[in-house]
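Q: starting from these lines, generate the structure:
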Amino acid sequence: MFVAGTHSYARPATTDQQISNHAINYLLPGSGRAFRSGQMQQQLCCSPARLCAQTASLRSIVPTEHVHICTLVMKQHTPEKQIVRFAFTHKTASMFAFRILKQLARNKRYCLYSRNNSPQNAHLVQPAYEGKSNILKRLLGKDRILLLGPEREYEMDEWLRQRFLEGKVANICQIRHPLDMMVSQYFSHGWIHPDTNFTDEKTRMRRRLQAGECSVFDYMKLEMNDESHFTGSYIIKKFDGLLEQGKRANTTILKYEDMYFTYGYWADRLNDALPKPLRNRNLLERLAPDFGEPAKRLASRFYDDPLEYVSEYRIGQQNHVRSAKPGDHVNFLSGDQIDMLMEVLCENPIIRQFYGNKSEKAPAGGDRSSPAV
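A: Have a look, this model is predicted:
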């Protein structure tokens, strides 16, 4: 009598093919025929012949009865786990990244660990990576790839950093021109973001902005000195998180500007950075953001007083829309101010590498408006 878990078979398994089939039938009842016809091959990540061949190596320790064949087969066929991490910090289209992750997770039935989930579960990625999964999920590879993100900081905690250094993390990061990030942050801090969870310091800064007591330029200087109190880390520290990561092959750095102006190229790079089971170029094309009608929220002139811009476009919590077009900072900063800020920002090697040239106006062409980013 052949026994596999709670299933028993009238005849002993004496050949490699029989052992393989018994394991398949135990783990996926009734699917042996489908597997042999090739329908299960993609899920199992191996062919029947390969499974049979690897099972042969177990024959010396496989009795013809009372054998827990599932455990033995799974030791041969459990692939290593991998974490796919999206790090799209504030103001780099993080909610668009969340849309992509949700669709990838849904299509493959993988788990998504995200602070955007309700309830948020990003903190569970470590126990999920280290824990034992049920045998069926292990065979099908459903917990082989863990999706994480979008993370709002590039820097990793020590546990994730160690997995990254071991090559177990596909690290996909999006950056954006730091001056555009800070312009967007200025209006989010002052008007757009709900103040439900604002700290006292963050609330005081909002009042200053709304009263016209702090210009965009002055706000940026505060942000660069870690004194704006908007997020957990200030602008330069955010980019510091990429200094180590950017040197390693398992990091891909995407640019917000490419996403806006050359989405096809951007999507190709993102798709290539994903593990093969996740790659889906058609999905990325279907998810391409619609930035709306031309020039809807583009600052059409230079605004020395940002309150004029707020009034003209009725910026606020009920109007959560701003221009998504790169180069927006030239409408709120003079050339001298841009040069002064970039001189400091470019002390960071990542910013200098990607944005070290003198800022110029965005390339000609219609604007594409989107929800504020």
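Q: let me see the domain layout of the chain.
A: Per the record, the chain has its domains at 2-77, 82-177+237-286, 178-216+291-371, by automatic domain parsing.
Q: ranking those by mean pLDDT, which is last?
A: Per-stretch mean pLDDT for those is lowest at domain 2-77 (a mean of 46).
Q: grab the longest helix from this protein for me.
A: The longest helix of the chain (DSSP state H) is helix 94-108.
Q: buried residues, that one. List them.
A: Ser94, Phe96, Ala97, Phe98, Ile100, Leu101, Lys102, Gln103, Leu104, Ala105, Lys108 (16 or more other C-beta atoms under 10 Å). (Each C-beta comes from the backbone N, C-alpha and C, glycine too.)
Q: got the contact list for the last one?
A: It refers to Lys108. Each residue near Lys108 by C-beta atoms under 8 Å, 6 or more residues apart in numbering is listed here: Ile145, Pro277, Leu278.
Q: how far away is it from Trp191?
A: Going from Lys108 to Trp191 by C-beta to C-beta, to the nearest Å gives 39 Å.
Q: cool, and the third one?
A: Plainly put, Ala97 is 24 Å away from Trp191 if you go by C-beta to C-beta.
Q: kindly report the same for Asp258.
A: According to C-beta to C-beta, Asp258 and Trp191 sit 28 Å apart.
Q: quick one on the thing from earlier: scan the contacts of Lys108 and report the most crowded one.
A: Counting neighbours by other C-beta atoms under 10 Å, Ile145 leads those with 21 neighbours.
Q: which parts of the stretch 101-250 of the chain are strands?
A: With DSSP state E, counting those that start in this stretch as the criterion, the stretch 101-250 of the chain has strands at 112-113, 145-151, 169-175.
Q: ok, Leu211 - how many residues close by?
A: Wrong residue type there; residue 211 is Ala, not Leu. Residues lying near Ala211 (other C-beta under 10 Å) number 10.
Q: Gln245 too?
A: A total of 23 residues lie near Gln245 under the criterion other C-beta under 10 Å.
Q: hmm, Asn171 and it touching each other?
A: Yes - contact criterion C-beta atoms under 8 Å: Gln245 and Asn171 qualify, at 5.8 Å.
Q: overlap in contacts, the two.
A: Listed contacts common to Gln245 and Asn171 are Phe164, Thr251; contacts here mean C-beta under 8 Å, 6+ apart.
Q: can you pull the contacts of the closest residue to Leu284 other than its chain neighbours?
A: Among residues not flanking Leu284 along the chain, Ala267 sits closest, at 4.2 Å (C-beta to C-beta, 6 or more residues apart in numbering). Taking C-beta under 8 Å, 6+ apart as the contact definition, Ala267 lies against Arg281, Leu284, Glu285, Ala288.
Q: and if we set it to 7 Å?
A: Shown in contact with Ala267 (C-beta atoms under 7 Å, 6 or more residues apart in numbering): Arg281, Leu284, Glu285.
Q: do Tyr219 as well
A: Tyr186, Ser228.
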